[in-house]
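S.K.: I'll drop the sequence and a predicted model, then ask my questions.
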Amino acid sequence: MSEKKLALHTFPIGNLGCNCSILYSPTTREAIAIDPGNDAESFLARVAKLNVKVKYLLHTHAHFDHIGHADIVRKKIGTPIYLHKDDLFLYEALKQQAMFFGASVAEPEGIDRFIEDEEEFGLEDSQLKKVLKSIHTPGHTPGSCSFYCEMLEEPMLFSGDTLFANSIGRTDLPGGDYDQIIHSIKKRILTLDPETIVIPGHGASTVLHHESRHNPYLK
């Protein structure tokens, strides 16, 4: 059996159980991390256990449970932070966000690069030049992004807090917009391959065709 071109490791992290995903080349050990969360020690321990070098810290949005310790991780391993520009106001308010949920984070430093809609992210491995494509899916937050991957056994979407198994992201926090999140899901996500596996920002994975038929918010 041939070796996998791309490997995936997903695990919950932080006090709110954010799903962090690490995609990496089994050959070169270079990796992309999505939503490293707000527990830098646990994240770095996973990185060390996998023996990978993280090239990008990608964020689906700027709520503290998804990005709260990204600055600490950046300082430890030198990996740049990527975020959509429309969530910069949330990133700059990380300390206040954390306090609202009874947690604490340090005052953040700047974002290294703003994510563009349909931007591609890849690795140096010659077979993995196009691992992920960003999809701007505002609604949960103005800058929410999902990341689509066609390099695994099944197409996969990392949806952040936009789409969940039988649910959608909350829209009652600053910058949230219910009509916008429904539009993002119907026009940007449900148009993908129906066999796409969805890894949300929290909780269990699902399959796109199930959500299109059974998710009560999408009727």
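M.R.: Great, that's in hand.

S.K.: ok, residues contacting the least confident helix or strand in the chain by mean pLDDT?
M.R.: Across the helices and strands of the chain, mean pLDDT, DSSP states H and E gives its lowest value to helix 94-100, namely a mean of 91. The contact list for helix 94-100, computed with Cβ atoms under 8 Å, 6 or more residues apart in numbering, reads 38, 62-64, 67-68, 90, 104-108. Where C-beta positions appear, they are placed from N, C-alpha and C, glycine not excepted.

S.K.: specify which member of those residues is nearest to G122.
M.R.: I67 (22.0 Å; Cβ to Cβ).

S.K.: please list only the buried members of the contacts of helix 94-100.
M.R.: Buried by 16 or more other Cβ atoms under 10 Å: 38, 62-64, 67-68, 90, 105, 108, out of the contacts of helix 94-100.

S.K.: any idea which helix or strand comes after the least confident helix or strand of the chain?
M.R.: Proceeding N to C from helix 94-100, the next assigned helix or strand is strand 113-114, under DSSP states H and E.

S.K.: immediately after that following strand, which helix or strand?
M.R.: If you walk from strand 113-114 toward the C-terminus, the next helix or strand you reach (DSSP H and E) is strand 120-121.

S.K.: list the strands paired with that next one, with their directions.
M.R.: For strand 120-121, the paired strands and their directions (DSSP bridges) are strand 132-136 (antiparallel).

S.K.: pLDDT averaged over the strand it pairs with, what's the number?
M.R.: Average pLDDT, strand 132-136: 98.

S.K.: I'd like the next helix or strand past it.
M.R.: Remark: after strand 132-136, the chain's next helix or strand is strand 145-149, criterion DSSP H and E.

S.K.: which intervals of this structure have sub-threshold pLDDT?
M.R.: The model of the chain has pLDDT under 70 over residues 1-3.

S.K.: which parts of it are strands?
M.R.: In order along the chain, the chain carries the following strands (DSSP state E): 7-13, 18-24, 30-34, 53-58, 81-83, 113-114, 120-121, 132-136, 145-149, 156-160, 163-164, 167-168, 197-200, 206-207.

S.K.: which other helices and strands contact the last one?
M.R.: Contact analysis of strand 206-207 by 3 or more Cβ pairs under 8 Å, 6 or more residues apart in numbering; DSSP states H and E lists strand 197-200 as its packing neighbours.

S.K.: partner strands of the strand it packs on and their direction?
M.R.: If you go by DSSP bridges, strand 197-200 pairs up with strand 156-160 (parallel), strand 206-207 (antiparallel).

S.K.: in it, what's buried?
M.R.: 197-200.

S.K.: run through who's touching that strand.
M.R.: Contacts of strand 197-200 with the rest of the structure, by Cβ under 8 Å, 6+ apart, involve 10, 19, 21, 154-165, 205-208, 211.

S.K.: so what's the residue count around the residue nearest to E195 when sequence neighbours are not counted?
M.R.: In this structure, E195 finds its nearest non-sequential neighbour in E154, 6.0 Å apart by Cβ to Cβ, 6 or more residues apart in numbering. The number of residues packed near E154 is 11, by other Cβ atoms under 10 Å.
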